[in-house]
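Student: predicted structure and sequence below. I'll ask about it afterward.
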Amino acid sequence: QFGGLRPDNVLEYFSQSPFWDSSSNNAVLKMQTRFNDLQQASYDLKNMVGVEFA
């Protein structure tokens, strides 16, 4: 990944892994917040129940 991993690209990097669960909370929020601030996604993730990648 050019420029290394950063908070704004790390989910995209890990979503390429064979272990990525496309039904995880992270994947759901990634799709819902594609054009929004990541801080809101972090807050939303804390309030969700289910599989999540920390």
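Tutor: Perfect, thanks for sending it.
Student: where are the low-confidence patches of this structure?
Tutor: Within the chain, the ranges that satisfy pLDDT under 70 run 1-2, 36-43, 45, 51-54.
Student: apply 80 and report the result again.
Tutor: Residue ranges of the chain with pLDDT under 80: 1-3, 8, 29-54.
Student: can you give me the helices for it?
Tutor: Counting by DSSP state H, residue ranges of the helices within the chain are 10-14, 25-32, 38-46.
Student: pull out the buried residues from the first one.
Tutor: So the one you mean is helix 10-14. Buried residues in helix 10-14, defined by neighbour count with 16 or more other C-beta atoms under 10 Å: L11. The way it works is simple: take the backbone N, C-alpha and C, and place the C-beta from them, glycine included.
Student: make 39 the starting number, not 1.
Tutor: Happy to do that; since the first residue is 39 now, the last one works out to helix 48-52.
Student: so which elements touch it?
Tutor: helix 63-70 (3 or more C-beta pairs under 8 Å, 6 or more residues apart in numbering; DSSP states H and E).
Student: tally of neighbours for N64?
Tutor: By the criterion of other C-beta atoms under 10 Å, N64 has 22 neighbours.
Student: tell me if I'm right that it and V48 touch.
Tutor: No - assessed by C-beta atoms under 8 Å, N64 is found out of contact with V48, at 10.1 Å.
Student: do you know how far S60 is from R44?
Tutor: 22 Å (C-beta to C-beta, to the nearest Å).
Student: OK, contacts around S53?
Tutor: Going by C-beta atoms under 8 Å, 6 or more residues apart in numbering, S53 touches A65, K68.
Student: distance check, it against K68.
Tutor: Relative to K68, S53 is positioned 7 Å away (C-beta to C-beta).
Student: next one: N85 from N63, what distance?
Tutor: Plainly put, N85 is 10 Å away from N63 if you go by C-beta to C-beta.
Student: likewise G88?
Tutor: In this view, G88 and N63 are 5 Å apart by C-beta to C-beta.
Student: and these two? Which one has more around it.
Tutor: Neighbour tally, G88 and N63, criterion other C-beta under 10 Å: the higher count belongs to N63, 19 against 10.
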